[in-house]
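Peer 1: okay, predicted coordinates and the sequence, questions at the end:
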Amino acid sequence: MPRNVPRDAQKLTAALAVIILLAAASAHAADNETIARGAYLANAADCEACHTDKEHHGQPYAGGRALATPFGTFYSPNITPDPETGIGRWGEAQFLQALRAGVRPNGANYFPVFPYPSFTKITDEDARAIKAYLFSLPAVRQVNRAHDLSFPVSWRLLQAGWKLLFFNPGPFRPAPERGEAYNRGAYLVTALAHCGECHTPRNWFGATEPSHFLAGTPAGPDGKAVPNITPDRKTGIGNWSEDDITTLLKDGQTPDFDFVGGAMAEVVRNTTRLTDADRRAIAVYLRTLPAVRSETRAAK
Amino acid sequence: MKSSTKQSMLAAALIFTLAGLCGIALAQDKEAVLKNREALMKGQAKDLGSVKAYTDGKGDLAQAETGAASLTQSTRKIPEVFPPGTGATDSEGKYSTKPVIWSDWNKFLDAQKNAASKADALLVAVKSGDKAAIQTAFGDLGKNGCGACHETFRETLKN
C-alpha cells in the first residue's frame, strides 16, 4: 500500500498536468478565435485601406495615407501595436472610446474623417475582437504625420461643437420584427462597412445628411462622384436585384458588365472576402431603404 | 501698303487658318478617339455578357466562345484607344482617364497585358465547357483584369 502512494501521486500529477495543458490550449484557441473574428470584422470595416499608405508601399496598418478632403489633407495614423508610434499602449477602454466616441486617449477629439459617427454603432464584442486582431499584428515603428489643414478647421477644439451638432452616439438598435438578414445588413452598412461615409452627401460642415442617406454625391472622396445606392429607379439602383447587388460586392461587376474602379474597387477587395450570407444581408437591407431621387445617378 | 507688310499679313492669315483647321481636326480626332474607346469597352461588356449568359443557363456555349474569343482580341487593342492627352471632360463623358495612364505608360501596359492573359484563360475555360472553371476565370478577368485597370486608371466624372 505505501508503495502505491507515489504511483497515485504520479498519476495525479500527470492528470493535473493534462488538465492545465488542456485549459491553456482552450484559452489559446479562444484567443485565436477572437483574433480570427476580429480579422473578419476589420476587413468588413476596411481599416487597412485608410490606415495603409499603399501608394508609397507603406506597411499595413502603419498609417500615413493621404486623404484629400475639402477641409484639407488628413494623414491616417499608425494603428499597429507599436508602443511608441502606434496604439500598443492603449487599453481596451481607450480603444473602445476612440472607435466609438471619437476621443483620443488624451481626451482630444478626432476629426470625423475617421468614421467614428458610423463606428459608434459597433457592438462591444465586435470592437474587442477588432482590438484583439490589431494587437496580433506586427508592430511597425512609424511616426504619425501631422494633418495639413487650414484655419479654422485645424483648430481641434472646434470638433467638440461639431460633435454636439452632428454626432449621434450610441449602439446599433436592431429592429427584430424585420428579420435577421435585414438587421445584419443594417449593422454592416451603417456601422462596420460605413457605406454612408462616401455614399451620403455632406453639408457645409462635412456632416452626412440623414435625409439623403446613401443617395450619392458629386463630391465624394478625392472630389470624385459617388453613385446613389438607394432603390430609386431613375437615379439609384432600384432596378437591381438582390443578386445584382451581391455580384457587385463579390466581383465588382455591375448588371451591364462594367467593373467598378476607383475607391469602390478597393472596397470590393474587402466585400469579396465577406461570407455569402453577409453580402446577401447587405443587399436585403439596401433594397428596403427609402428611395431618394438625386442629381447623381448610379451606373446605369 | 508695302508689299512686304502685305506678304507678312497674308502669311499670318495663312498660319492662323491652318492652326484653326488643325484645332478642328484635333477636336474631331479626340471625339473619334473617345467614341472608339467607348465602343471597345461596351463591346467587351457585351462579350462578357454572352459568357455569363451561358453560365447562368440563359445562353449557348457557341456564343460564349465567340464572346471569349473576341475578348482575347479586344483586350489587346486597349492601348490603341488611349492616345496621349485624350482624357474626357465633364461634357464628354461619365468617366475619364487619370493622367497617370500616360505618365506611367508601362504600368498601364502591364495592367492591359494582365487583362489580356486573363482573357486567354477565360477562352480556354469556355472551350472546356466546364461552368465552374468558366465562372472562376470570368471573375478573375473581371475583378483582377478590368477592375484592376479601372481602379488605377479610370476616374468617375459624374454619375
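Peer 2: All right, it came through fine. Since this is a predicted model, take the numbers as computed values, not measurements.
Peer 1: for the rest of this, base every contact and every neighbour count on C-alpha atoms.
Peer 2: Noted.
Peer 1: residues near A:Glu125, how many?
Peer 2: Neighbours of A:Glu125 under the rule other C-alpha atoms under 10 Å in any protein chain shown: 11.
Peer 1: run through who's touching the helix or strand hosting it.
Peer 2: Taking DSSP states H and E as the definition, A:Glu125 sits inside helix A:124-135. Outside of helix A:124-135, the residues within contact range by C-alpha atoms under 8 Å, 6 or more residues apart in numbering or on different chains are A:34-39, A:41-42, A:79-81, A:88, A:92, A:95-96, A:99.
Peer 1: try it again at 7 Å.
Peer 2: Contacts with helix A:124-135, where a contact means C-alpha atoms under 7 Å, 6 or more residues apart in numbering or on different chains, come from A:Thr34, A:Ile35, A:Arg37, A:Gly38, A:Ala39, A:Leu41, A:Ala42, A:Thr80, A:Pro81, A:Leu96.
Peer 1: name all residues that make contact with the residue nearest to A:Thr120 when sequence neighbours are not counted.
Peer 2: Taking C-alpha to C-alpha, 6 or more residues apart in numbering or on different chains as the measure, A:Thr120 lies nearest to A:Arg100, with 3.8 Å between them; neighbours along the chain are not counted. Under the criterion of C-alpha under 7 Å, 6+ apart, the contact partners of A:Arg100 comprise A:Tyr116, A:Phe119, A:Thr120.
Peer 1: what's the spacing between A:Arg100 and chain B?
Peer 2: For A:Arg100, the distance to chain B (C-alpha to the nearest C-alpha, to the nearest Å) stands at 30 Å.
Peer 1: tell me the spacing between that residue and A:Glu209.
Peer 2: When distance is defined by C-alpha to C-alpha, to the nearest Å, A:Arg100 is 20 Å away from A:Glu209.
Peer 1: just checking, A:Leu99 touches A:Tyr116?
Peer 2: Yes. At 5.8 Å, A:Leu99 counts as touching A:Tyr116 under the criterion of C-alpha atoms under 7 Å.
Peer 1: and the strands in the chain?
Peer 2: In the absence of a named chain, chain A is used. With DSSP state E applied, chain A shows strands at A:66-69, A:72-75, A:148-149, listed in chain order.
Peer 1: should've been chain B
Peer 2: B:95-97, B:154-156.
Peer 1: nearest to chain A, of those?
Peer 2: Evaluated with C-alpha to the nearest C-alpha, those place strand B:154-156 nearest to chain A, the distance being 6.0 Å.
Peer 1: which residues touch that closest one?
Peer 2: A:Lys224, A:Ala225, A:Gly261, A:Gly262, B:Lys94, B:Tyr95, B:Ser96, B:Thr97, B:Lys98.
Peer 1: tell me the contacts of the nearest residue to the last one once chain neighbours are set aside?
Peer 2: I take that to be B:Lys98. Here the nearest residue to B:Lys98 in space, its sequence neighbours aside, is B:Phe153; by C-alpha to C-alpha, 6+ apart that works out to 5.1 Å. Shown here is B:Phe153, whose contacts under the criterion C-alpha under 7 Å, 6+ apart are B:Thr97, B:Lys98, B:Val100, B:Ile101.
Peer 1: now the residue nearest to the third one when sequence neighbours are not counted: how far from B:Asn106?
Peer 2: So the one you mean is B:Val100. When the adjacent residues along the chain are set aside, B:Val100 lies closest to B:Phe153, with 6.9 Å between them (C-alpha to C-alpha, 6+ apart). Taking C-alpha to C-alpha as the measure, B:Phe153 and B:Asn106 are separated by 12 Å.
Peer 1: tally of neighbours for the residue of the stretch 1-150 of chain A found nearest chain B?
Peer 2: When scored by C-alpha to the nearest C-alpha, the stretch 1-150 of chain A has A:Glu55 as its residue closest to chain B, at 10.8 Å. Counted with other C-alpha under 10 Å, residues neighbouring A:Glu55 total 9.
Peer 1: next, the spatially closest residue to it that is not a sequence neighbour: phi, psi?
Peer 2: Ranked by C-alpha to C-alpha, 6+ apart and with sequence neighbours excluded, the top spatial neighbour of A:Glu55 is A:Arg65, at 7.8 Å. When read as degrees, to the nearest 10, the backbone of A:Arg65 gives phi -70, psi 130.
Peer 1: per-residue pLDDT, A:Arg65?
Peer 2: At A:Arg65 the predicted local distance difference test score is 96.
Peer 1: thinking again about what came up before, drop anything exposed from the contacts of strand B:154-156.
Peer 2: A:Lys224, A:Ala225, A:Gly261, A:Gly262, B:Tyr95, B:Ser96, B:Thr97, B:Lys98 (16 or more other C-alpha atoms under 10 Å in any protein chain shown).
Peer 1: rebuild those residues as JSON lines, extending it with pLDDT.
Peer 2: Below are the buried ones among the contacts of strand B:154-156 laid out as JSON lines (pLDDT from 0 to 100):
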{"residue": "A:Lys224", "pLDDT": "82"}
{"residue": "A:Ala225", "pLDDT": "88"}
{"residue": "A:Gly261", "pLDDT": "89"}
{"residue": "A:Gly262", "pLDDT": "86"}
{"residue": "B:Tyr95", "pLDDT": "87"}
{"residue": "B:Ser96", "pLDDT": "87"}
{"residue": "B:Thr97", "pLDDT": "90"}
{"residue": "B:Lys98", "pLDDT": "89"}
